[in-house]
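[1] Following is a predicted model, sequence given first.
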Amino acid sequence: MRGGSTSAGRSFKLRDEDIEIVDPPPVASKRKKVTRRGTGKETAQRKLVIPSPESSDEQMERQISEGNIAGGNEEPEQATQGEETNEENITESQPTPEPSIRKSPRTRTETQNAGASATQTSKGTRSGKNPVTQPAPEPIPLPKFIDDEARDRFELAVQAQENGVYIVYKGAAATSSIVARTNDYVQILSSLGERGEYRVIHRYNNGFSGFAARLSEEEAESIARRLGVVSVFRDPVLDLHTTHSWDFLKYQDDELGIGFSQQSTSTSSALHGEDIIIGIFDTGIWPESKSFSDEGLGPIPSRWKGTCMEAPDFSSSNCNRKLIGVRYYNNTDFDPSPFNTPRDQGGHGTHAAAIAAGTPARGAFYHGLAKGIARGGFPGSRIAAYRVCSHLYGCYGSAILKAFDDCRRFFNDAIADGVDILSVSAGIVTRKDFLTDPITIGAFHAVEKGILVVCSAGNRGLEENSIVNVVPWVLTVGASTIDRFFESNVVLGNNKVIQGGGIHFANIKRSPVYPVIDARSAKDPSETSESSASNCFPESLDKSKVKGKIVLCEDYLEESSDEERLQTVISLGGVGVILINYDEKTVASIYGSSPMTIITFQDADEIRSYINSTRNLVATILPTVVVDKYKPAPAVAYFSGTGPIYRNYNLIKPDVVAPGVDILAAWPSNDTKTTPPFNIVSGTSMATPHVSAIAATVKSKYPSWSPSAIKSAIMTTAIQTDNLKAPIKNNNGNPATPYDFGSGQVSLSGPLQPGLVYDTEVIDYLQYLCNSGYNTSQIKLISSNLPADFSCSSNSSEEQMSNLNYPSIAVSYFYGHKSIKVKRTVANVGEEDSLYTVSVETPKGAGLEVLVNPKKLHFTKNIRKLSYQVTFRHDNSTDLINRNGFGSITWTSGKYKVRIPYVVT
């Protein structure tokens, strides 16, 4: 018997021998939207064994693997066949045959579009509270204990739950033996008291050192003061942030004449990718999907040292030559979802994995829409899935760090022995320091070992400084649209057709026979707020005026979700909703069997003009159709996280954008009649695996390249024009800036022949930390490969961040300076004898002069790297002082074009 019971919302674990009988408690119904912070995690109670000095590393590893040394749930226990458990195997209830109502991302995460979200709420109720009532917890009988000692263990576990979960980060894993590292770990635990080991959740000792445990605030502060501890911080909950998208990227390349060179390497041999392994940090995976078939793949790469963790609903046979490994991590707090399994119950992880590396699946569609072949960007590569997130409660930082730490197990010394690319579609808005962000910490140690980490930019694009995952050692990806639009038009009684967007499957007449009313004219007599009625808030409309009509609703206020607006109208007998929202028209929301479409403010004026011009007011909402070759595209998605970075104007983020709107890919499905095996989802989480696949493609062709070289190849070959050959625009219709799309939209073929790369060394990142305010002592703890004489420069400052050898330039603090100079170094990866000439694009009317010296770079067989200096001068014009100046620097040879953007603040 394994698992945990709950008491007052807390979770704990008991040893098998502690309990005679424990009946599993009733499972609460699934909650769609919950915003909460975890404070505890189930931990196994183990006997703490302090090794003797003569204990060998092998003995220590064996004791840890057998669970005798406290380490908490480093890896959840495996249930053998037929093993009894007191944790219910909770499964998702099957939806009805009709598609459920699903909403595209507004400012948080695309899991809302998938039908379930953990850490987000799109729009609350009118009171600002969660619209879904959480059921009261069922009373749970206390277990019957064998003896008093077992009861004591139970009480200690419950007491530990009352503390918060903290992550203790100790920097790089020491080069000493595992015995020495464990002795140090035990020493810290002993300071917590006799039962300190019961509080531990995860232990990190592979790629870096530390642990996660339940601590009081005082205990956390005490540990933070210990010598050798880099940081101690609360376990954060991070947001979770295809048939056509790859075709669209190829079309863009073809239009611009960007093609893969056949001269040196054939496309097939360069892109086979069977030895490339992409790690997906997400909500798990649905292995039965056709997208994860291993048909045609060869043996699993011999260097793979991972595992296929089993669970009651997941066996080792679910892994194959495509899905070569899975891991999962128990949650750190009460979670009614089946978290102790790698199986994806929400769909997010399955969708992301299929975008990156899915096997081509013919006959893919969503309820008849977007028919085609669903394929990943690099279908020959292998997938390793790490379940670090719950589709209900988001992604716990301690689990993400443990996954990064497990990746380190796949290395022998500095030689890569496991995953090549990590795709992380999650993030947290960091307003503090880097060393309290789990992705920042874990990604740094991954990059140290040669793994490129690709991260989403976040879905809070309408918020200021909304970009997340902003450190220079990750590749940060925003979202863009593709040339496919899900159209649901409005037809008025005067035969005027208004373009609308959204997906619905309503059985509604195509001719305009339904009365239409402006919600402002349908206000309930008891409603005092005009805006509440115009926004179709619950209890704001008069049933007698709504019944049998299509209602025109505004979407100005965020106190109610669009689903609630639709349900309010339908519950009053209304036919459907025309929603006014400029931002969301181009991002398909799914409304199921109820007719609803989204229009712009300008089109709303035309409908209101029609309503005011005649008495016979009728309209209809047409069923959804797919419009291909939609223009303009791409455009930056309204929800995509944008810069500048909070309080840092010396680095540009995002790095690039990629398709992240209305992406069709694999989805969990037991019954294709009720749940389609493919789904349409939007978010930067969908954009991220697109770039992960391109990065894997580059890694396949250039296996010795560093993570920063691969990143540079992707950034310097990005595209800045749409399919109208005009500058890519943001959601407002203005030309996108580097704060919107970084270097631009990713190219499918360009990164395979970049010409030059900006290679950033790990020591450059450490100097970046120096310039960010960290001292030499802290940095020596963080990195395991520092030169003995390393020290932060005496002139370290935020201004010096601009000198990081990055494939973009951002300079600030210009006011008061006549000029600012920055340096960049490029490495030639193209033809040996190459001559590059520079061209500079400067903002008009900004009084800015940009000089590059030298103006030409000549590479030979013996000269592979060259540097250049950029001088920014200005005339103190008000124009530049009050706004940002955007431009670019491009090096061109006869064959290659290498472009980087710059921002001057």
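    Nice, I can see it.

[2] mind checking the backbone torsions on residue 770?
    phi -60, psi -50 (degrees, to the nearest 10).

[3] ok, the nearest residue to it once chain neighbours are set aside - contacts?
    The spatial neighbour of residue 770 that comes closest, neighbours along the chain excluded (CB to CB, 6 or more residues apart in numbering), is residue 792 at 3.5 Å. All C-beta spots, glycine's among them, are computed from the backbone N, C-alpha and C. By CB atoms under 8 Å, 6 or more residues apart in numbering, the residues touching residue 792 are 767, 770, 774-776, 779.

[4] and the residue lying farthest from the centre of the chain, what pLDDT?
    Note on the chain: the largest C-alpha distance from the chain mean falls to residue 615, namely 50.1 Å (CA atoms, centre = their mean). On the pLDDT scale, residue 615 is placed at 81.

[5] Check residue 675 too.
    82.

[6] which residue ranges form the strands in the stretch 651-800 of the chain?
    For the stretch 651-800 of the chain, the strands defined by DSSP state E, counting those that start in this stretch occupy 656-659, 663-666, 678-681, 756-757.

[7] which helices and strands does the shortest one pack with?
    It refers to strand 756-757. helix 707-716, strand 819-828 (3 or more CB pairs under 8 Å, 6 or more residues apart in numbering; DSSP states H and E).

[8] Parallel or antiparallel, list what pairs with the last one.
    By that I understand strand 819-828. Strand 819-828 sits in its sheet next to strand 756-757 (antiparallel), strand 865-874 (antiparallel), going by DSSP bridges.

[9] Which strand or helix spans the residue farthest from the centre of the chain?
    Assigned by DSSP states H and E, residue 615 belongs to neither a helix nor a strand.

[10] Residue 391 versus that one, what's the distance?
    50 Å (CB to CB, to the nearest Å).

[11] If you average pLDDT per helix and strand, which one of the protein comes out bottom?
    Ranked by mean pLDDT, DSSP states H and E, the weakest helix or strand in the chain is strand 10-13, scoring a mean of 29.

[12] before we move on, back to that, I'd like to know which of the strands of the stretch 651-800 of the chain is closest to residue 341.
    strand 663-666 (17.8 Å; CB to CB).

[13] Give me the distance between that closest one and the centre of its chain.
    With CA atoms, centre = their mean, to the nearest Å as the basis, strand 663-666 stands 16 Å off its chain's centre.

[14] do the same with stretch 547-559
    Distance of stretch 547-559 from its chain centroid, counting by CA atoms, centre = their mean, is 32 Å.

[15] And that stretch, end to end?
    One end of stretch 547-559 to the other measures 24 Å (CA to CA, to the nearest Å).

[16] got the buried residues for that stretch?
    Buried positions in stretch 547-559, judged by neighbour count with 16 or more other CB atoms under 10 Å: 549-555, 559.

[17] can you give me how far stretch 363-377 is from the chain middle?
    How far stretch 363-377 lies from its chain's middle: 23 Å, per CA atoms, centre = their mean.

[18] Tell me which residues of that stretch come out buried.
    Residues of stretch 363-377 classed as buried: 364-367, 369-370, 372, 374-377 (neighbour count, 16+ other CB under 10 Å).

[19] hang on, the earlier thing: pick the most buried one from the helices and strands packed on strand 756-757.
    helix 707-716 (a mean of 27; mean count of other CB atoms under 10 Å).

[20] Just the C-alpha atoms of that helix, please, in CSV.
    Only the C-alpha atoms of helix 707-716 are listed here, as CSV (Å, rounded to 0.1, in the frame of the first residue of the first chain):
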residue,chain,number,x,y,z
PRO,A,707,24.1,26.2,-27.2
SER,A,708,24.9,29.8,-27.9
ALA,A,709,26.1,29.1,-31.4
ILE,A,710,22.8,27.4,-32.2
LYS,A,711,20.9,30.2,-30.6
SER,A,712,22.8,32.7,-32.7
ALA,A,713,22.1,30.8,-35.9
ILE,A,714,18.4,31.0,-35.2
MET,A,715,18.4,34.7,-34.2
THR,A,716,20.6,36.1,-37.0
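
[21] Would you agree residue 399 falls within a helix?
    Yes. Assessed with DSSP: H, G, I helix; E, B strand; the rest coil, residue 399 lies in a helix.

[22] If I look at it, what pLDDT would I see?
    For residue 399, the model assigns a pLDDT of 89.

[23] Quick check: the gap between the spatially closest residue to it that is not a sequence neighbour and residue 309.
    Spatial nearest neighbour of residue 399, excluding adjacent residues (CB to CB, 6+ apart): residue 329 at 3.9 Å. Going from residue 329 to residue 309 by CB to CB gives 10 Å.
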